[in-house]
Structures are given as structure tokens and as C-alpha cells.
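Visitor: need a 3D model of the following:
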Amino acid sequence: MDKLDLKKTYKQIYYLSATSVSIVDVPVFNYIMVNGQGAPDGAEAQQAIEMLFPLAYAIKFISKGRGKDYGVMPLEGLWWADDMNDFVANRRDKWKWTYMIMQPEFISQNDFEEAIEKVQSKNRMMNLSSVHFNSLAEGKAAQIMHIGPFSEEHTNIRKIHEHIASLGGKFDGSKEKHHEIYLSDMRKVSPSAMKTILRQPFHLI
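Guide: Here you go, the predicted structure:
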């Protein structure tokens, strides 16, 4: 059985330069998602991640049993705030987020619901009611590969914003949300070597 590698299928949006910003048209993808609020290292965020990965692997094995295998995709996060100044002021308790894992196009709502039942049956204490299956249409976006700790992302974020402005573009941070794709396992990779795709959808004016 061939194993689908979605990062290679969509290499134009996953294999990036770490020095220059690229412009991409992001297809509509399906995700399993959890919404929440607070710091990325807070209890609510960690609980969301602990729900998503068992569910992602359950979906994978359901699909594999039907003859379609693929590699589970990395964790991703959308970030915003009702008042975007809360980011500048580092008021992390007011940050809003959606943690999510992308799914192949052949995965359905029924597959998701079957996986929910399987994971729930193994861990009755895990409340999966906050996890949902949905699509995301980002369209035109600017992105760059960030190598290093999260605390040093600001330089590349500024580079993305400046590039968008140079094209005559703009974005609404509460609608066209800052997007991060965590290619490295934070538990195993040193902060200096972590690879994170930083993406900002935008529109032309």
C-alpha cells in the first residue's frame, strides 16, 4: 500500500526558504480543530493538543484499514485577539487560538465521528466535545520558514508584514488570522533548531 505524504504533495507551501518571503495560494483544506483562549503553554492549549493527536491517528488507522494510508500532518495554530494590541502587549490570557491538524481530502465527517467514538471508548475521561471537523479557506498568503525559538519569531513576522505592504496588500488580523505550522516536535528538538512555518493570509487593495 502506498503511503501518501501530503507535505510532498503540497511542497510549494511546506518546503520554504528561511530567508525570503514567498506568496502562495493555499487550497481549501479540511482539519480537525479545537478553539480556545490563553497562553500557548497554558493548560487549555495543552489539553487541546492532547486531544488532537490521538484523534488524528485514529482517523489515519480507520483510513488505512480501508486501503488509504498517509502520514499524520503536523500541529498547526491560528492566532488572533479581539483587540490585536493584546499581542503587542503580550497579554497572553486574552490570546485566542485554534489548534488543528490537516486531513486528506478523502477523510469525511463520518470518519471523524467514527474516530471520536474509538478514542472516547479508550479514554472515557477525555472530553472530545470541543473537537470539530471543518474546512479552512485561506487563499492568498505570505509565508516564511522560521528556524529557532518561538520568542524570536517577531523578526520574520515583521518581514512578512512588510512584504505584504510592498505588494499593496493588507489583512484583518481577526479574520485573516496569523497561522503557524509546527514542523518540529517541541518535545524532542532544541528551540534553536525548531522549524515553524509562519503564514499570513492577506488581500490586495
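Visitor: give me the helices and strands touching the helix or strand hosting Leu198, please.
Guide: Per DSSP states H and E, Leu198 falls inside strand 195-201. Counting contacts by 3 or more Cβ pairs under 8 Å, 6 or more residues apart in numbering; DSSP states H and E, strand 195-201 is packed against strand 139-147, helix 154-166, strand 178-182. Bear in mind the C-beta positions are built from the backbone N, C-alpha and C, glycine included.
Visitor: go again using 10 Å as the cut-off
Guide: Packing partners of strand 195-201 (3 or more Cβ pairs under 10 Å, 6 or more residues apart in numbering; DSSP states H and E): helix 11-14, strand 22-26, strand 75-80, strand 139-147, helix 154-166, strand 178-182.
Visitor: surely Phe112 is in a strand?
Guide: No: secondary structure assignment (DSSP: H, G, I helix; E, B strand; the rest coil) places Phe112 in helix, not in a strand.
Visitor: from Leu55, how far out is it?
Guide: For Phe112, the distance to Leu55 equals 8 Å [Cβ to Cβ, to the nearest Å].
Visitor: shared neighbours, the two?
Guide: 32, 131, 133 (Cβ atoms under 10 Å, 6 or more residues apart in numbering).
Visitor: wait, which of the residues you listed is closest to Ser108?
Guide: Among these, Phe133 lies closest to Ser108 (Cβ to Cβ), at 8.5 Å.
Visitor: leaving out chain neighbours, which residue sits closest to that closest one?
Guide: Nearest non-adjacent residue to Phe133, counting by Cβ to Cβ, 6 or more residues apart in numbering: Phe112, 4.1 Å away.
Visitor: equivalent analysis for Thr196, please.
Guide: Per Cβ to Cβ, 6+ apart, closest to Thr196 is His146, 4.7 Å.
Visitor: isn't that neighbour up against Ile157?
Guide: Yes: His146 is within contact range of Ile157, at 8.5 Å (criterion: Cβ atoms under 10 Å).
Visitor: got a list of what the residue nearest to the spatial centre of the chain touches?
Guide: Nearest residue to the geometric centre of the chain (Cα atoms, centre = their mean): Glu76, 1.7 Å. By Cβ under 10 Å, 6+ apart, the residues touching Glu76 are 29, 31, 33, 52, 98-102, 136, 179-183, 196-197, 199.
Visitor: any common contacting residues for His146 and Ile157?
Guide: When contacts are counted by Cβ under 10 Å, 6+ apart, His146 and Ile157 are jointly contacted by 180, 198.
Visitor: okay, now the domains of the protein?
Guide: Under automatic domain parsing, the residue ranges defining each domain of the chain are 1-27+138-205, 29-136.
Visitor: low-confidence ranges, the chain, go.
Guide: 87-89 (pLDDT under 70).
Visitor: where is the longest helix in it?
Guide: Looking across the chain with DSSP state H, the single longest helix is helix 43-65.
Visitor: packing partners of it?
Guide: Using 3+ Cβ pairs under 10 Å, 6+ apart, helix 43-65 sits against strand 29-37, strand 69-70, strand 75-80, strand 96-103, helix 109-122, strand 131-136.
Visitor: what's the angle from the fourth one to strand 131-136?
Guide: Right, the one you point to is strand 96-103. Interaxial angle of strand 96-103 relative to strand 131-136 (axes from the mean of the first three to the mean of the last three Cα atoms, to 10 degrees): 80 degrees.
Visitor: kind regards, and thank you for your time.
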